[in-house]
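Colleague: Pasted the sequence and its predicted model underneath.
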Protein chains: 2
Amino acid sequence: MSGFSFTIQSELGAARTGLFTTPHGQVETPAFMPVGTLATVKALDPEDLTAMGAQMILANAYHLHLRPGDELIREMGGLHRFMSWDKPIITDSGGFQVFSLETLRKVSEEGVEFQSHLDGSRRFFTPESVIGIERNLGGDIIMQFDHVIPGQSDQVPSRDASERSVRWAARCLAAFTSSAPHGETDRQALFPVLQGGVHVDLRQEAGRALIEMHDWTGYGIGGLSVGEEKMAMYEILDVVNQSLPRDRPRYLMGVGFPEDIIEAICRGVDLFDCVAPTRMGRNGAAFTSVGRLNIKRAEFRNDPLPLDENCDCSACTRFSRAYIRHLFVSEEILGLRLLSLHNVHFLLSLARAARREIAGGTLDAWSRDWLSRYHSKALSQ
Amino acid sequence: MSGFSFTIQSELGAARTGLFTTPHGQVETPAFMPVGTLATVKALDPEDLTAMGAQMILANAYHLHLRPGDELIREMGGLHRFMSWDKPIITDSGGFQVFSLETLRKVSEEGVEFQSHLDGSRRFFTPESVIGIERNLGGDIIMQFDHVIPGQSDQVPSRDASERSVRWAARCLAAFTSSAPHGETDRQALFPVLQGGVHVDLRQEAGRALIEMHDWTGYGIGGLSVGEEKMAMYEILDVVNQSLPRDRPRYLMGVGFPEDIIEAICRGVDLFDCVAPTRMGRNGAAFTSVGRLNIKRAEFRNDPLPLDENCDCSACTRFSRAYIRHLFVSEEILGLRLLSLHNVHFLLSLARAARREIAGGTLDAWSRDWLSRYHSKALSQ
């Protein structure tokens, strides 16, 4: 009926490969989703993403609400048509962005009052208003509006935020249901966001509450990679893996450094997004299989090697480090494009490789080797 | 013997279609050559240029000498390999750039002393040193070092610069010949530059002197579109057309607004280059068949039309004015790319269209109609 389904294709410990079907096509999981905050993955063209095998991208409700406006995007036929991307799209709710504003926001049970980072205008987001925004945008998956807090928060504020997120999930669900199209299939699905900080009991309680509330199409895992220790994140992922229904996709929000993707895949996560590959790329940093590389360093001035000798992206198969360094030194736009392209390709490939290793039953050895080589950081930081 | 040839395929009045063969492939003329000043056509990828049908591009000796250095490019295998472009490349000599520095330069018979626009360091270009730079870069066509002056210059300074350019052509030729590879085919060809400002007699004298000096592979036409009236440029092109040998390609340097390309093709010009399409693109201006359009204007906020309804470029076939305006308002890099792509495609297509109309015998009527529609400027400036 819904146009959405999730089929697990193979399992290995907590890890799994799957096929997530949406109204705009299928996503082979585990998968990395490039971030197109403002309806564009920065410095890249949608054709680049297709060529790299991206199957789903993320856009951001907060940013698009402010600019160009979700009503305008609806008027222009929705996000897919607006940005010329006909594959699946997920929209984040803006919970994380509002959280990031820090001093500019005030949280109440009703919602969050904040000031636009663009013009300082006062705005008010509620679970209901955010669902309205995400309905206008038209993403395949829309995330609930949640209450995000810093990763090292204590039990009391963590419980407060986690329980509020559960209550807001219920309000989002009600708003989502009441705004469903009449007499035709809903081409959008709502994911709740599991909060609870680094507190095992809160994560478990939130998981139980969400599962009791509704038979969700999938689940977001929020409030991680927001300042807590890496080991704390991995431990929480173990808990979450046991708390969430096995037959639904799990999306770890905002997480996307290579080591985190591998660790999380081993703990049952299916979907990832992160601005790191494009943001780092614009700053001249490249992921490589032996650690990070900063292309602006003088040592690369006459280096004929590609960014990563083990990479088959369209930057590495065509250009030397010397050329890309020249582009950065000269502030040429192609430099931003090539590093962004390489980094996004790197994470897409990493998730695809993990998928193969799970199916082949070799994930453990592969991930150990991969992480050991990556952490060797033979190259300059 | 040389790997270079030029075959005229059809003629119509002064206009002609031709096939210019170089060691890196053929160029169907008339042709527009996108400008890759620093070994990259700004905001575009070489793959974009190939997809748009660009057959030859221009790079700049002055800029590449300063950054990253022509010696480095030679070390990296030459410009084609460095920038991953295996089709023909022409390098400009830096004459125009040194001229543009104005107060920072001093011209003598020996050469030009100038200060780098990057770090103020003192440099000295001579015809011989520039040939050395262009040899290092390895472009198929290399331009002589010439003495460029403002377009409205009087007879005396124009004669001085024009005659000096002829003398420098002889010195460039000597340096070029003495630096030719021993025992193998020279994969580079040197073009002289015809100067003489807007003075008919100077253009004719310079033409005669260059023709007597050597049997050149082709000719540059310099010192136009540098401040003189458009009609003066067109009149000089009529003179140049009669002064230069019919069976050699003529390259009108730095000229590339749509109306100028058409007028010059009608007057026997074969090759063009201009930074306008990418520079304008980065500023939000698009060429269209009915005049220029500034995408940042508020009227395009919710405009579902493409930049130009008559355009089949990969921006116009995918994106609305509303989306591209959003990209510019949000300062997204994809906006720079899409407008640059559209504008370069526009000029490439224009030259291809002119080529068809010459071959079909309909250039006159077509160019009249085209210019009339273009000058109607129905769209906002």
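Modeller: Okay, I see it. What you see is a predicted model, and the numbers here were worked out from it, not measured in a lab.
Colleague: Can you see whether stretch A:136-152 contacts chain B, counting any residue in it?
Modeller: No. Using CB under 8 Å from any CB of the partner chain, stretch A:136-152 stays clear of chain B, with a minimum separation of 13.1 Å. Yep, even glycine has a C-beta here, placed from its N, CA and C like the rest.
Colleague: Repeat that for stretch A:90-98.
Modeller: No. If you take CB under 8 Å from any CB as the test, stretch A:90-98 misses chain B, and the best it gets is 14.8 Å.
Colleague: what's the helix or strand for the closest residue to chain B within the stretch 101-250 of chain A?
Modeller: Nearest residue of the stretch 101-250 of chain A to chain B, counting by CB to the nearest CB: residue A:118, 9.6 Å away. Using DSSP states H and E, residue A:118 sits in no helix or strand.
Colleague: residues contacting it?
Modeller: A:66, A:67 (CB atoms under 8 Å, 6 or more residues apart in numbering or on different chains).
Colleague: buried residues in the host helix or strand of residue A:201?
Modeller: Counting by DSSP H and E, the element that carries residue A:201 is helix A:200-213. By 16 or more other CB atoms under 10 Å in any protein chain shown, the buried positions in helix A:200-213 come out as A:202, A:203, A:204, A:205, A:206, A:207, A:209, A:210, A:211.
Colleague: Then stretch A:168-188?
Modeller: Neighbour-count burial for stretch A:168-188 [16+ other CB under 10 Å]: A:168, A:169, A:170, A:171, A:172, A:173, A:175, A:176, A:186, A:187, A:188.
Colleague: Mind checking which of those are in helices?
Modeller: A:168, A:169, A:170, A:171, A:172, A:173, A:175, A:176 (DSSP state H).
Colleague: Check those and tell me the two furthest apart.
Modeller: A:168 and A:176 (11.9 Å; CB to CB).
Colleague: Hmm, residue A:194 and residue A:169 touching each other?
Modeller: No. Judged on CB atoms under 8 Å, residue A:169 makes no contact with residue A:194 at a distance of 9.2 Å.
Colleague: State the phi and psi torsions of residue A:18.
Modeller: Note on residue A:18: backbone dihedrals following degrees, to the nearest 10 are phi -150, psi 170.
Colleague: and what of residue A:356?
Modeller: Per degrees, to the nearest 10, the backbone of residue A:356 is at phi -60, psi -40.
Colleague: okay, now it: neighbour count?
Modeller: If you count neighbours by other CB atoms under 10 Å in any protein chain shown, residue A:356 ends up with 12.
Colleague: mind giving me CSV with the buried residues of helix A:200-213 and columns for distance to residue B:220?
Modeller: Shown next, in CSV, are the buried residues of helix A:200-213 (distance: CB to CB, whole Å):
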residue, distance to residue B:220
A:202, 74
A:203, 71
A:204, 76
A:205, 77
A:206, 72
A:207, 73
A:209, 76
A:210, 71
A:211, 74
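Colleague: biggest separation within these, which pair?
Modeller: A:202 and A:211 (14.9 Å).
Colleague: Any chance of TSV for the buried residues of helix A:200-213, columns pLDDT and distance to residue B:44?
Modeller: As requested, those are exported to TSV (pLDDT from 0 to 100; distance: CB to CB, whole Å):
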residue	pLDDT	distance to residue B:44
A:202	97	50
A:203	97	48
A:204	98	52
A:205	98	53
A:206	98	48
A:207	98	49
A:209	98	52
A:210	98	47
A:211	98	50
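Colleague: out of the residues you listed, who's nearest residue A:6?
Modeller: Once CB to CB is applied, the member of these that ends up nearest residue A:6 is residue A:211, at 15.3 Å.
Colleague: Identify the spatial nearest neighbour of that closest one, chain neighbours not counted.
Modeller: Closest residue in space to residue A:211, ignoring its immediate chain neighbours: residue A:245 at 6.5 Å, by CB to CB, 6 or more residues apart in numbering or on different chains.
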